[in-house]
Every structure is written in structure tokens, then in C-alpha cells.
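A.B. asks: here is my input, please return the structure:
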Amino acid sequence: MSTVGAPARPTPRVVRAGFAPVKGTRHQAYDAVTLSRLGPVGDRAWCLVDVDRRRVLRTVQHPSLVAVAAVTSPDGLTLTLPSGAVAAGPVVPSGAPLTCDYWGRPVALDLLDGPHAALLSAHLGTSVRLAAAPPGGVVYAGAVTLVSTGTLHALASRTGLAVDDLAARFRPTFVVEADEPHAEDAWVGAEVDLGPARVRVTSRVPRCAVVDLDPVTGERGGGVLAALATYRPRGATGDLLLGVDAEVVVPGTVTPSPHF
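C.D. replies: Numbering: from 1, shown residues only. Prediction:
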């Protein structure tokens, strides 16, 4: 089949890659992120649950989660609070499965033992358990999200916030280089090369109040949603749109070349 006249597939340079190993905790930047067919390997591999209510905790309802730094290693998981308090150790399967509600759909989880639940329960002021989630099990929409540098620079000029601060607030899997603000909007329906990997962009991302949380302290402020409301469109549910969701077409390891 002829490809004459077909638009070139976007091949933006990746300048930041990241995810949160524990859902809702601080979005961490990584030197490389491996994409499987189901999404970034290790992304939201664990979550916190309210066992009595059988619910996965949501960041928008527990904003102080953002202040928790989660780091994985061969020895297990280390959680660090802003106070300096630390819980470190292996995550041990308890042998107790639990099906919880996540945004109206059931997700099968495995409760874990270890020192982490006690630290997080004290931090959040409510009893929680750490649980292992299946790949993509506690992901709200697309497995992969993209935001461009042009988009972040445009918003930085409107909010006075630093570009790297905004990158952490929006929690994209990848920040990609593009001069034009919101260039990624035009990629919906297209395939995009990210180094050796390839994704298919499916939709624009609706944004909630989480983007108004400081990505280090979890404190509310910054006026990001208010700034978006002055110039960005809204989706079908009324949420402001920024960045795009995508699904993995070709797995691979994506290594960013940092440069904002």
C-alpha cells in the first residue's frame, strides 16, 4: 500500500521519564523507563487501600500522599516522609487477596505485610494497607501519558511556576520536546515513536485538583487549574484538558535526554 502523502509519524525527543511506584506518592524521574504492552514497568505497582471500605485511596482525597517519596530496590521498598521518617524493607505477600473499588470498577489486589502500612497510616491519619496491583489495575485512563515542553513553558509563563515543577505536577510518563504549545493535541489517533518504543495516542487528558498540589510538599496552591481555565478546552465531563493518553504499540526501554 502506498504511503505517499501520508503524514510522518512524530518522533519527539524524550526529556523526562517518570512514574510513581506507589499510586499517589511523589512522581519520580528515572534514567530510563521500560514500556511493556501494558504500560511502564513498575508504574503504580502498589497502592494503598482502605480494607474496611474495600477502596483504593485516591490522591485527590488524600493530597498528603504526594509528599511521600517511594523508592524501590532489590531489597524492597523505602518510603520517606517530609519529616524524615522512613519505612524500609521487603514487601511481603500476606496471602490475603482483596477486591477493591477503583473509580467504580473492581480490581483484584494482594495485601502486603511489612513496615510501610504503619508509617502511611500515621501520615494519613487513617488505617491503610499496602497492596500489590496488577499492571494497569489502578491506572485511571491511559497507560502512558505525554506532555510536551512547549505546553509546560506556555503554562509556566502563565503561572510563574518552574517547568520542572509543572512536569512533576502533571505526572506524565514522558515529557517530550516540542516548540509549539500543546503540539501533542494534534497527535490524537497517531502513533508516536519514543526511541525504540512506539505508542498510539488515544485522547487528551482531563485534569483534576491534583495538579494544584505542590509535587514535593503536597500543599495546595499554584493556581494551575485557574490558569488552565483561561485558555484550555474542557472535555465531555467538564474537566480541563492538558497532555495526552496513549497505549503501547511497540514495547521498549525509553531513555530520556534531559533538556527543558
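A.B. asks: quick one: low-confidence ranges for the stretch 1-150 of the chain?
C.D. replies: Scanning the stretch 1-150 of the chain for pLDDT under 70 picks out 1-7.
A.B. asks: most residues in a single helix of this structure, which one?
C.D. replies: Longest helix in the chain, counting residues (DSSP state H): helix 149-159.
A.B. asks: where's the nearest residue to Asp31 once chain neighbours are set aside relative to Val14, distance?
C.D. replies: Leaving aside its sequence neighbours, Asp31 sits nearest to Thr255 (Cβ to Cβ, 6 or more residues apart in numbering; 6.9 Å). No exception for glycine: its C-beta is placed from N, CA and C like everyone else's. The gap separating Thr255 from Val14 is 8 Å, by Cβ to Cβ, to the nearest Å.
A.B. asks: how close does the residue nearest the centre of the chain get to Ala118?
C.D. replies: A centroid search over the chain (Cα atoms, centre = their mean) returns Arg171, at 4.3 Å, as the residue closest to the centre. Taking Cβ to Cβ as the measure, Arg171 falls 26 Å from Ala118.
A.B. asks: with adjacent residues omitted, what lies nearest to Arg54?
C.D. replies: Cys100 (4.7 Å).
A.B. asks: who's in contact with that neighbour?
C.D. replies: Applying Cβ atoms under 8 Å, 6 or more residues apart in numbering, one finds that Cys100 lies in contact with Val49, Arg54, Arg55, Val56, Pro106, Val107, Leu109, Ala131.
A.B. asks: ok, so of those, who is nearest Arg26?
C.D. replies: Among these, Val56 lies closest to Arg26 (Cβ to Cβ), at 17.8 Å.
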